[in-house]
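A.B. asks: dropping a prediction and its sequence here:
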Amino acid sequence: MAQVVFMLIIFSRILSATSVGVFHYFRENTELSNKALKNTLNKDIQTSSLFDCGARCHRCCRCFGFNTVTNVCRILLTCDQNDIIGIEEGWIYHYRNELAKPENCLSLFKRGYTTSGIMTIYPWDECDRNYRSVDVFCVMDTSGGGWTVLQRRISGSVNFNRSWSAYQAGFGNLMDNFWIGNEVIHQLTRTDNVTLYVSITLAGGITKYQEYQSFSVGNSSEKYRLFLQGPSQGTLGDSIVNTEHTGKLNRNLPGMLFSTYDQVNDGKGSGNCASTYAGGWWFNSCYAGYLNGPWKNGQWSWAWYPAVSRGGDVYGTQMMIRPN
């Protein structure tokens, strides 16, 4: 008898832990109650409870539906208004709670993390075999907060003339000078429409910025191709999307592949922009705007022409993104 009681206690604790787990990682979408949705990942499953259904929603599952009348469970890719195909009594839906495993700094900001600093996010899709967490620096006190920093430079302590593999993986220290890594940038921008925020700090602590409303980077097989477009606004002016007004013709960066000294994709007929200007970037024979040049060195001829015409004038740079 005592053994039976013990087993019942253990079972109740497991059930309780499962319930907590389900509702930590999922939230109910009440707007979809009593609706039938399309886009299932598999056939209907007969289950004993809502918790059993939720436990079946593994890595690739974005949401699940449970019918309280028929005890049918449906594993779904998405749960939104566009998926409704009719009315069916008893259905309740739960979607994955992005705050449980935040995908970016905006998710954390919405959760109440409003102090800038190093935080952990999960930008990879859970179905991806490379799924993992990554530490990033979040800026929560600039232009509405929720920014994930891709690049920062405040001194010359970190060399930005690195190999393809180094730029792919990322390098530096999140508290001062770093490049977050091209693979992370791709993951952060592969699905969301994001804004790019570029800032340059000059002598006397004067900071100028430029925002671009649409930014993303392709995957490694696409050589991390840059997708960028306006409208843009700010105090720096545009030196990367439409460079005609700068006098540096044919230096537009949208569509360009990433280049390093050991991986030349710069569209230049001869020579190597990354070797010549000692850093990785989306060069286009070569540039009008470029933030990874050699620190306080004449080889970095200009950072953001014409607003910042000498690399030696730069006291800090930062690139960061936020979903729109």
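C.D. replies: Received it, and whenever you're ready, just let me know what you need.

A.B. asks: please, where are all the strands along the stretch 151-300 of the chain?
C.D. replies: For the stretch 151-300 of the chain, the strands defined by DSSP state E, counting those that start in this stretch cover 171-172, 178-179, 194-201, 207-217, 226-234.

A.B. asks: could you dump these to JSON lines with mean neighbour count?
C.D. replies: C-beta: built from backbone N, CA, C; applies to glycine. Listed next are the strands of the stretch 151-300 of the chain as JSON lines, based on neighbours: other C-beta atoms under 10 Å:
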{"stretch": "strand 171-172", "mean neighbour count": "19"}
{"stretch": "strand 178-179", "mean neighbour count": "23"}
{"stretch": "strand 194-201", "mean neighbour count": "22"}
{"stretch": "strand 207-217", "mean neighbour count": "19"}
{"stretch": "strand 226-234", "mean neighbour count": "16"}
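
A.B. asks: in this structure, what helix or strand scores lowest on average pLDDT?
C.D. replies: One helix or strand of the chain scores below all others by mean pLDDT, DSSP states H and E: helix 2-25, with a mean of 42.

A.B. asks: got the domain boundaries for this protein?
C.D. replies: Domain segmentation of the chain under automatic domain parsing yields 2-96, 105-323.

A.B. asks: would you mind measuring from residue 132 to residue 96?
C.D. replies: 17 Å (C-beta to C-beta, to the nearest Å).

A.B. asks: so residue 64, which of the three states?
C.D. replies: strand (DSSP: H, G, I helix; E, B strand; the rest coil).

A.B. asks: list the contacts of the closest residue to it other than its chain neighbours.
C.D. replies: Excluding the flanking residues, the one nearest residue 64 by C-beta to C-beta, 6 or more residues apart in numbering is residue 57, at 4.3 Å. Going by C-beta atoms under 8 Å, 6 or more residues apart in numbering, residue 57 touches 26, 63-64, 75, 94, 96.

A.B. asks: got phi/psi on residue 57?
C.D. replies: phi -90, psi 90 (degrees, to the nearest 10).
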